Structures are given as structure tokens and as C-alpha cells.
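Enquirer: Please find the sequence and the predicted model below.
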Amino acid sequence: MPANLQPAQALALELFDAALTVALPAGRFEPLPEPPPTGGRVIVLGAGKAAGSMALAFESAWRARYPKVPLEGLVVTRYDHRAEPPAGQSSQIEQREAAHPVPDDAGLAATRAIMQRAQEAGPQDLVVFLLSGGASALLVAPCAGVSLADKQAVGRALLKAGANIEAMNSVRQSLSAVKGGRLAQLIAPARLVTYAISDVPGDAPGVIGSGPTCPPLGDGAAALALCRRFGMDLPAHLEAVMGAQAGAGLALGDFRLIATPQMALEAAAEAARQAGLVPLILSDCVEGEAREVAQVMASLAKQVVRHGQPLPAPCVLLSGGETSVTVRGQGRGGRNAEFLLALALALDGLAGVTALACDTDGIDGIEDNAGALIDASTLDRARALGLDARAYLDTNDAYSFFQALGDLVVTGPTLTNVNDFRALIIQVDPLQA
């Protein structure tokens, strides 16, 4: 964390902590599904950055309610995101780790093992699927005619093009043997209950983790059109595979959301009230280029400072969602750091404004930080160090900029994921900022 925190910076971190706490899976699995009939098994499967913590939380809740009904299972999570059971306890749910955001062989092997368990489930069994953000890359099984290398190349191209999450997952579904409800088809005729932590704008079930137990977002032709819109030059064999994919008629089954971006924002808003700030939740589903969203947020902050609208200071503007970055340079930095660097430039040292932007999984893009902090001193301190903020933004190198200032927010893996969290604290009197 940054050293020598100013009071507003410390408060911003407190709001972020409140958002994270409410998004953790412990205690979120009520009501539990009814156990299977005698002879039936309880099989827990899952994928995502929160899969390990969700598995332990579900297992704890199940054992407390049904101590004589055993369970078993397998989940896949990101490297370094394994959740450890409390001291002296063990788990019957295996946790495997794999790469994110670009899938790897470990993810492919784990997915094949999950598919095998899904196919072995019988009509007397209960299958509980635990879904969270990151599952799109972690639960990877290419459909016929597609290789893992194909999936990796398409994923990298979509990331570089700045595609939003719904577009990315629509394309991923068209190349997958498990996404878009295909895993649910393998699980049938077993009873299936999905618990999900949403990391997507709007909380659409089919978008979260590319919807392995939900109806697809569209057909292959629509996914192919998206690739063309983002200027992607696909090999002929992938165009053929995507063009042949039809949307499945799978109905949405028992799908339960246990944590959402809105819940995190509401928790932060309550923490702000207790600290004497008036909170305003702008939206839980902000999308768009990070630097363009920053321009809008800067305009709102200026309106508060200059005119006391849409609410007077001291206040905090809260928002969630997922911005995107069209990569133009060779620098380091995720979408939250890029947003903040663009915001600092747009505010141009405006007194009384402090901002935090972090990814709630603790990983901003592929870096080791969750995000960063800015305030009215950011640009002056950068100039004193000889840093050209505009040049860093032009090369997508916001991580290096904030690292040099000592303003990165580093939490490590949080074991949950309800997307991005942004807080703009506005105190008109600069002596209070």
C-alpha cells in the first residue's frame, strides 16, 4: 500500500475493503439445495478466480446443515488463488490452478477432468456448479476443429482490441465445448444448481464466465461478426467452425447469484455514510474505454466542486463495471491504472479530489496490483520526479507511472471477483483532502 496515506486516501481504501468484504462467499449459500436421495452423490464442480474460496464456503455450509451427506468435487482457479481450509480441517473438493487471462495446458487438463465428472453424474446425483469471473479462461475445452493455440490467439486478439466482456465471451462460447450451456448438457440428467459471483455489467448469467451452465449469448454467425467488428483476421478453419455453430435451446435452470457489483457498491456507500460522506452510486455497469470513462468522471467531479451538483461535498461518487483498454503501446498497466492516469490528467490537480480504482479480484489486468490512488498532488509529484504523465498514458504504461510514485494498491488475490470498484472522494476544502 502507499506509504504516508492522507486521510482521504485511507478512507478510499476503507470503502474498497467494505466492498470486498460483502463480496466474499462465506455465508452466502442459503438456501442450500435439498440433498439427493439415498444412493445419490453430491458433486461440486466450479471455475473462476473465486472457485477455491467458494468451494470451501459451500463445503462448510453443507457440512453444517447435512453432516451425514458427503460431497466430492473439483474446481479450477487462477494460479496463486487456491483457498486453504482452516487449520485442522480438510476439504473433499480438489482445487487445481491454471492461467488467466490467456488459457494454458493446466486449464485444459482441469477442464477435461471436470467434464469427465460431469458426464459421470447420474439422475440421482446433485451437481453444484460454482461460477465466478475468470472462468472463461480457466474452464477451457476447445470444440471440434479448434486447438488450444487457436483459443489463446483469439483471446489475445480480443484483449488487445479492447473488446468488452460480453463480446469476448460471445466469441469464446462459439469455440468451446463447455461454454454457452454445453457443460450443463454434459451434467444432465443430474440435478444442477449453479451459484455465481457476478463480475459482469448487468449480471447476465450467460456472460458470467461465458455461461457454462446457461443458454448461449448468440450463434456463431453473431460471434464471427463481432470478430470482424474488432478488426480480427481469423484463419479460415475458425471462420468455418464459428459459422456452423447454432445457438442451443438450453433453458436457464437453478441459477443463484450470491454476490454482485451492486452489493459491493452498496456496502461501500454505507461505509461512506458512517464516515460522514454523502455517497452517490453512479452505476454498477460502467463500460467503455478507460480513458474516456475517466473524462466523464472528471467532469462529474468538477461539477461537484464548482456547483455542488449533483450533490454537495463532502461526498463520494461510486461506480463499478468493467472498462476496456485498446492497447497502443508496450507499457504495463491494467484498466484501473489507465483510468486513474487519464483521470489525473483530466482533473489537472483539482483540489479536494481523491480517487481509487481497483479490480476486486486484486489483479489489475495481469499485474500484481489491484489498482492505484490519485489526489490533487499526483501530477506535481510526478513532475518533480521527471515523469511525463501524458507519455505514460500514450504508451499504456500506467503501472510504471504509479509504481514510481509509490501509489499502487497491492492486496494480493482477494479470492472474490465482482469487477472494478471506483471511488471519487470530493472535499471542496483542500485542507481536508
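Expert: That came through, no problem. Numbering: from 1, shown residues only.

Enquirer: for the stretch 201-350 of the chain, what are the low-confidence residue spans?
Expert: 246-249 (pLDDT under 70).

Enquirer: what ranges do the helices span in it?
Expert: Applying DSSP state H, counting those that start in this stretch to the stretch 201-350 of the chain gives helices spanning 220-229, 236-244, 261-274, 290-307, 335-347.

Enquirer: Tell me which of the ones you listed lies nearest to R390.
Expert: Set against R390 and scored by CB to CB, the helices of the stretch 201-350 of the chain come closest in helix 335-347, at 6.4 Å. Heads up, the C-betas are built off the backbone N, CA and C, glycines and all.

Enquirer: Restrict the closest one to CA atoms and write it as CSV.
Expert: The C-alpha trace of helix 335-347 is given here as CSV (Å, rounded to 0.1, in the frame of the first residue of the first chain):
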residue,chain,number,x,y,z
ARG,A,335,-7.6,-0.8,-17.0
ASN,A,336,-7.9,0.6,-13.5
ALA,A,337,-4.4,2.2,-13.5
GLU,A,338,-5.1,3.5,-17.0
PHE,A,339,-8.4,5.0,-15.9
LEU,A,340,-6.7,6.8,-12.9
LEU,A,341,-3.8,8.2,-15.0
ALA,A,342,-6.3,9.6,-17.5
LEU,A,343,-8.4,10.9,-14.6
ALA,A,344,-5.4,12.6,-13.0
LEU,A,345,-4.7,14.4,-16.3
ALA,A,346,-8.3,15.4,-16.8
LEU,A,347,-8.5,16.8,-13.2
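
Enquirer: Just want the angle from it to helix 290-307.
Expert: Calculated by axes from the mean of the first three to the mean of the last three CA atoms, to 10 degrees, helix 335-347 forms an angle of 40 degrees with helix 290-307.

Enquirer: How is this structure divided into domains?
Expert: The chain breaks down into these structural domains: 7-20+262-432, 31-259 (assignment by automatic domain parsing).

Enquirer: any chance of those in JSON lines, plus mean neighbour count?
Expert: Putting these into JSON lines (neighbours: other CB atoms under 10 Å) gives the following:
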{"stretch": "domain 7-20+262-432", "mean neighbour count": "21"}
{"stretch": "domain 31-259", "mean neighbour count": "20"}
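
Enquirer: Let's test this: mean pLDDT of stretch 44-52, rounded?
Expert: Per-region confidence: stretch 44-52 scores 98 on mean pLDDT.

Enquirer: Same check on stretch 81-90?
Expert: In the prediction, stretch 81-90 has an average pLDDT of 93.

Enquirer: Go ahead and confirm F29 touches F58.
Expert: Yes. Using CB atoms under 8 Å, F29 makes contact with F58 at a distance of 5.3 Å.

Enquirer: Please enumerate the shared neighbours of those two.
Expert: Y195 (CB atoms under 8 Å, 6 or more residues apart in numbering).

Enquirer: for the helices of the stretch 201-350 of the chain, which one sits closest to N419?
Expert: Closest of the helices of the stretch 201-350 of the chain to N419 is helix 261-274, at 5.1 Å (criterion: CB to CB).

Enquirer: CA atoms of the closest one as PDB?
Expert: Taking C-alpha atoms only, helix 261-274 is exported to PDB below (Å, rounded to 0.1, in the frame of the first residue of the first chain):
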ATOM      1  CA  PRO A 261     -21.100  -5.500  -8.100                       C
ATOM      2  CA  GLN A 262     -24.200  -3.600  -6.800                       C
ATOM      3  CA  MET A 263     -23.900  -5.400  -3.400                       C
ATOM      4  CA  ALA A 264     -20.300  -4.200  -3.200                       C
ATOM      5  CA  LEU A 265     -21.200  -0.600  -4.100                       C
ATOM      6  CA  GLU A 266     -24.000  -0.600  -1.500                       C
ATOM      7  CA  ALA A 267     -21.600  -1.800   1.200                       C
ATOM      8  CA  ALA A 268     -19.100   1.000   0.300                       C
ATOM      9  CA  ALA A 269     -21.900   3.500   0.300                       C
ATOM     10  CA  GLU A 270     -22.900   2.600   3.800                       C
ATOM     11  CA  ALA A 271     -19.300   2.800   5.000                       C
ATOM     12  CA  ALA A 272     -19.100   6.300   3.400                       C
ATOM     13  CA  ARG A 273     -22.200   7.400   5.300                       C
ATOM     14  CA  GLN A 274     -20.700   6.200   8.600                       C
END
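
Enquirer: Run the chain-centre distance for it.
Expert: On the basis of CA atoms, centre = their mean, to the nearest Å, helix 261-274 sits 18 Å off its chain's mean C-alpha point.

Enquirer: Please apply the same query to stretch 196-212.
Expert: Centroid separation between stretch 196-212 and its chain, computed with CA atoms, centre = their mean, is 9 Å.

Enquirer: Could you tell me the end-to-end distance of it?
Expert: The straight-line separation of the ends of stretch 196-212 (CA to CA, to the nearest Å) is 11 Å.

Enquirer: and for stretch 8-17, what are the contacting residues?
Expert: Here stretch 8-17 makes contact (CB under 8 Å, 6+ apart) with 1-2, 5, 268, 271-272, 275, 277, 316, 318, 354-356, 358, 370, 373, 375, 409, 421, 423, 425, 427, 432-433.

Enquirer: again, only this time at 6 Å
Expert: Residues from elsewhere that reach stretch 8-17 (CB atoms under 6 Å, 6 or more residues apart in numbering): A268, A271, A272, A275, T354, L356, C358, L373, F421, A423, I425, A433.

Enquirer: what about it, distance to the chain center?
Expert: Relative to its parent chain, stretch 8-17 has a centroid offset of 20 Å by CA atoms, centre = their mean.

Enquirer: And stretch 58-77, by the same measure?
Expert: Taking CA atoms, centre = their mean, the mean C-alpha location of stretch 58-77 is offset from the chain mean by 25 Å.

Enquirer: Same list, the contacts of stretch 8-17, but as a markdown table with distance to G133 please.
Expert: As requested, those are exported to a markdown table (distance: CB to CB, whole Å):
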| residue | distance to G133 |
| --- | --- |
| A268 | 18 |
| A271 | 23 |
| A272 | 25 |
| A275 | 28 |
| T354 | 27 |
| L356 | 20 |
| C358 | 14 |
| L373 | 23 |
| F421 | 13 |
| A423 | 20 |
| I425 | 26 |
| A433 | 33 |
